[in-house]
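In: sharing a sequence plus its predicted fold:
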Amino acid sequence: MKNWQNKIETKRAKLYFFENEVIKIFKPNKKNRDKILKDYQSPYFIKLIRTLPNGIIMERGGEPIGGKNTIKEKYKSEKLFHWLNQLQDELKEQGIVHADIKARNIVCYKDTFKLIDFGSAYESRSNHYKDKRNIRKLKVMLNLTFSL
């Protein structure tokens with residue numbers, strides 16, 4: 001692959017970052033666990049451009065808003081707080097449990113937030129406790145003065 005700007009290797013895949021898209025190639029014997037991206041679309045989720053025999057091509061979504069237990073100061077805003085509320089409603093409405101919502105799985109590009117990393121996601125019409133709990137943790141990290 002030519003002209004990629006950055007490459008990251010994880011346990012399950014290699015990710016190649018281009019100007020406007022990311023190619024995720026799954027390692028041998030690792031199944032594509034991003035089925036939710038193929039089956040569900042939302043303005044709150046990173047956009048799937050197309051599937052490959054051994055991977056997927058997604059839009060490039062920007063930089064993560066934080067790390068494991070932090071949110072970068074520049075993203076701490078009422079806008080992010082409201083986006084998290086809308087994300088929670090969207091996941092419930094679509095019948096999806098992401099199961100890994102955290103600051104590094106939310107990216108921001110041109111003032112727009114998107115949820116990424118659907119490797120642990122599954123369909124469920126009833127069990128949204130884990131996502132609610134993780135979203136609540138992010139809201140607490142925002143440490144804003146208006147009520148949660």
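Out: Looks like it arrived, so ask away. Numbers count the residues shown, from 1 in each chain.

In: C-alpha from now on. contacts and neighbour counts both.
Out: Fine.

In: and the residue lying closest to N134 once chain neighbours are set aside, how many neighbours does it have?
Out: Nearest residue to N134, sequence neighbours excluded (Cα to Cα, 6 or more residues apart in numbering): I101, at 5.8 Å. For I101, the neighbour count with other Cα atoms under 10 Å is 23.

In: is I101 in contact with R133, as I believe?
Out: No - if you go by Cα atoms under 8 Å, I101 and R133 don't touch, sitting 9.2 Å apart.

In: show the model's pLDDT score for the residue nearest to N134.
Out: In the predicted model, I101 carries a pLDDT score of 93.

In: give the helix, strand or coil label for it.
Out: The assignment at I101 comes out as coil when based on DSSP: H, G, I helix; E, B strand; the rest coil.

In: against N6, how distant is it?
Out: Here the distance between I101 and N6 works out to 24 Å (Cα to Cα, to the nearest Å).

In: in which helix or strand does R133 reside?
Out: helix 129-142 (DSSP states H and E).

In: give me the buried positions along that helix.
Out: 131-132, 134-136, 138-139, 142 (16 or more other Cα atoms under 10 Å).

In: quick one: the strands in the protein?
Out: 6-9, 13-17, 21-26, 48-52, 55-59, 63-64, 96-97, 106-109, 112-115, 122-123 (DSSP state E).

In: most packed of those?
Out: Greatest average neighbour count among the strands of the chain goes to strand 96-97 (a mean of 23), per mean count of other Cα atoms under 10 Å.

In: that strand - contacts with which helices or strands?
Out: Other elements packing on strand 96-97 under the criterion 3 or more Cα pairs under 8 Å, 6 or more residues apart in numbering; DSSP states H and E are strand 122-123.

In: need the contact partners of stretch 122-132.
Out: 36, 88, 92, 95-101 (Cα atoms under 8 Å, 6 or more residues apart in numbering).

In: measure how far the helix or strand bottoming out on mean pLDDT in the chain is from the centre of its chain, please.
Out: Scoring the helices and strands of the chain by mean pLDDT, DSSP states H and E places helix 35-39 at the bottom, with a mean of 84. Averaging C-alpha positions (Cα atoms, centre = their mean, to the nearest Å) puts helix 35-39 13 Å from its chain's average.

In: cool, stretch 126-143 as well?
Out: With Cα atoms, centre = their mean, you get 14 Å for stretch 126-143.
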